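A.B. asks: Here is a sequence together with a model predicted from it:
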Amino acid sequence: MVSIARTVHSAKGESHEAVLLLSGRATAKRDSARDWIKGEMGEPPDEETRIGYVGLTRARRYCAVALPNTTPEDVIAAYEGAGFVVVNGAA
């Protein structure tokens, strides 16, 4: 069965074989890549952190997080510390 792209909110309460969480480039108002991993970075979680958690926990077999090439090294290191593997690292 093939699933179409969905928002995190519309997938709440469901599970899927694979999930891709896609972060846009950081702006002055939003940095999803950092927000999703705040707990690993010693920062208190917020609503954006919880949204990332919901997205990540929908996967049954495979979960990937796509981060922009501009993601700072400390954020990438936090993902690695949480068990993620860098496949095509930022340059």
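C.D. replies: Nice, thanks for sending it over.

A.B. asks: number of nearby residues for the spatially closest residue to Ser32 that is not a sequence neighbour?
C.D. replies: Once flanking residues are discounted, Ser32 sits nearest to Ser23: 4.2 Å by CB to CB, 6 or more residues apart in numbering. (Glycine included, C-beta is placed from N, CA and C.) Residues near Ser23, counting by other CB atoms under 10 Å, number 19.

A.B. asks: any idea how far Ser23 is from Asp35?
C.D. replies: Between Ser23 and Asp35 the distance is 9 Å, computed by CB to CB, to the nearest Å.

A.B. asks: which residues in the chain form strands?
C.D. replies: For the chain, applying DSSP state E gives strands covering 16-22, 59-66.

A.B. asks: just to revisit the earlier point, ok, now how distant is the residue nearest to Ser32 from Gly13?
C.D. replies: In terms of CB to CB, Ser23 sits 23 Å off from Gly13.

A.B. asks: Might you report the residue contacts of the residue lying closest to Gly24 once chain neighbours are set aside?
C.D. replies: Nearest non-adjacent residue to Gly24, counting by CB to CB, 6+ apart: Ser32, 6.5 Å away. Ser32 is in contact with Ser23, Gly24, Ala26, Glu48, Gly52, counting by CB atoms under 8 Å, 6 or more residues apart in numbering.

A.B. asks: Narrow these to those that are buried.
C.D. replies: By neighbour count, with 16 or more other CB atoms under 10 Å, the contacts of Ser32 hold Ser23, Ala26, Gly52 as buried.

A.B. asks: ok, and the helix or strand in the protein with the lowest average confidence?
C.D. replies: Least confident element among the helices and strands of the chain, by mean pLDDT, DSSP states H and E: helix 8-11 (a mean of 67).
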